[in-house]
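> this one's sequence-less:
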C-alpha cells in the first residue's frame, strides 16, 4: 500500500468525520452521515494496520474513532460498558497474569516473618532491645488488642495506609529495590510482633486478631509487590519487544492492578474495621477472612484464566492504547 496516496484519498472523509464528531448538534441527515463515515474510517484503520502500520496514522485514526464512538453511542453506555469490562475482564486478567509472582512474594514474605518471629522469641536480648519488659507487658496485654477499634474511621485509616503502601510498590516498582524494601520491612515488623506475642504466651491472640483481615490485606500487599517486581523484570527482560513498548504495555496492565487493589484493600479494611475488633467468636472472624480471601482467588483464577485464554492482558483496548510498531517474532 502507498500510504501517502491512501491518506490523500481518504483525508477528506477523515476530516469530515472529525468535524461531525465534534459537533454538539446534528441534523438527522448528519447523524446518518456520521455513522456511515465511522464505519468507513474503521475499515480504513483496519487496512492501514494490515498493510502499512504507520504509528502516527494508526494513532490518529484510533483517536478519531474513539471520539466518534462517544458521539454516536452517548456518554453513559460506553461508561458502563467500560466499567463492566474492567471488572469482569481486564482486572481478573491482570491479577491472573501475576499470580505466580504473587505466590513467590508471599512465600518470601512468610519465610522472613517466621524467621524473624523465631529469632525474636528465642533471643531475650533482642526482645529487650525491641521493647523494654514493661512496655512489652503493656503491649501484649492491652495495646495490641485495643488498636483494633471497631468503626468506620478506623477502617478508613487502615484502607488509606495500606493503599499508600500498595501504590508505592507498584509506582516505584521499576526501581526493583523499593518493592523489596517495602515487603521486607513489613515482613520483619509482622514477625517481630508475632515473636514478642509468642514469647509472652499470647500467640493465639496475635493470630486471632491478625488472621481475619490479614489474609486478604497481606495478599493485597503481596500483589502490589508482585506488580512492582513484574514491571522491573519487564524493564530488564522485555521479551522480544522494544523496551519502551514492553514497559508501556505492562505498565498499563499493572496500573489496572493498582486500581483493583483499591477495592481489595477496601474489603480488607472493612473486615479490619468491623470484624477483627468486634465481639464475634474468634473462629467466626477467621472464617469471614478466609471467605474473603477465597473470593479473591476464585475471582482471579476463574475469570482471569478465561480472560487470558481469550487474549486479554489487562491492558487498554487497541483503539485506546494507541499505535504500536510491529516487531519480528
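Done, it's in. Quick caveat: nothing in here was measured; it's all calculated off a predicted structure.
> can we go C-alpha only for contacts and neighbour counts from here?
OK.
> And this structure, split by domain according to the record?
The record's domain parsing of the chain by automatic domain parsing lists 3-74, 89-321.
> Residue 256 contacts residue 263, correct?
No - applying Cα atoms under 8 Å as the test, residue 256 and residue 263 come out as separate, 11.6 Å apart.
> which one of those two has more residues nearby?
The neighbour count for residue 256 versus residue 263, taken as other Cα atoms under 10 Å, is higher for residue 256 (23 against 14).
> which element is the more buried one on?
helix 243-271 (DSSP states H and E).
> packing partners for that helix?
The elements that helix 243-271 packs onto, with contact taken as 3 or more Cα pairs under 8 Å, 6 or more residues apart in numbering; DSSP states H and E, are helix 91-97, helix 152-171, helix 203-236, helix 282-298.
> now residue 64, nearest residue through space, not along the chain?
residue 18 (6.5 Å; Cα to Cα, 6 or more residues apart in numbering).
> roughly how far apart are the one you found and residue 160?
Counting by Cα to Cα, to the nearest Å, the gap from residue 18 to residue 160 is 43 Å.
> From the neighbour counts alone, determine which of the two ranks first.
Counted by other Cα under 10 Å, residue 18 and residue 160 do not tie: residue 18 has more neighbours, with 20 against 16.
> Report pLDDT for that one.
On pLDDT, residue 18 comes in at 87.
> Pull out the buried residues from the strand or helix carrying it.
Assigned by DSSP H and E, residue 18 falls within helix 3-22. Neighbour-count burial for helix 3-22 flags 14, 17-18, 20-21 (criterion: 16 or more other Cα atoms under 10 Å).
> can you list the residues you listed in TSV and add distance to residue 48?
Listed next are the buried residues of helix 3-22 as TSV, based on distance: Cα to Cα, whole Å:
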residue	distance to residue 48
14	13
17	17
18	18
20	22
21	21
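> Let me know the closest of those to residue 156.
Nearest to residue 156 among the buried residues of helix 3-22 is residue 21, at 42.5 Å by Cα to Cα.
> wait, that closest one sits on residue 38?
No - using Cα under 8 Å, residue 21 is not in contact with residue 38; the gap is 9.3 Å.
> Need the overlap of contacts for these two.
Counting by Cα atoms under 8 Å, 6 or more residues apart in numbering, the common neighbours of residue 21 and residue 38 are residue 68.
> Against residue 292, how distant is the residue nearest to residue 285 when sequence neighbours are not counted?
Nearest residue to residue 285 in three dimensions, chain neighbours excluded: residue 212, at 5.4 Å (Cα to Cα, 6+ apart). Per Cα to Cα, residue 212 is found 9 Å from residue 292.
> One more: residue 298?
For residue 298, the distance to residue 292 - Cα to Cα - is 10 Å.
> and these two? which has more neighbours close in?
Higher neighbour count among residue 298 and residue 292: residue 292, with 20 against 13, using other Cα under 10 Å.
> count of residues packed around the nearest residue to that one once chain neighbours are set aside?
Excluding the flanking residues, the one nearest residue 292 by Cα to Cα, 6+ apart is residue 216, at 6.7 Å. Counted with other Cα under 10 Å, the neighbours of residue 216 add up to 26.
> Residue 216 and residue 296, how far apart?
In terms of Cα to Cα, residue 216 sits 8 Å off from residue 296.
> Ok, residue 101 next?
Residue 101 is 16 Å from residue 296, by Cα to Cα.
> What separation do you get for residue 39 and residue 114?
Distance from residue 39 to residue 114, by Cα to Cα: 61 Å.
> Settle it for me: which of these two has more neighbours?
Each of residue 39 and residue 114 has its neighbours counted (other Cα under 10 Å); residue 114 has more, 18 against 13.
> Find the nearest non-adjacent residue to the more buried one, please.
That would be residue 191: by Cα to Cα, 6+ apart, it lies 5.8 Å from residue 114.
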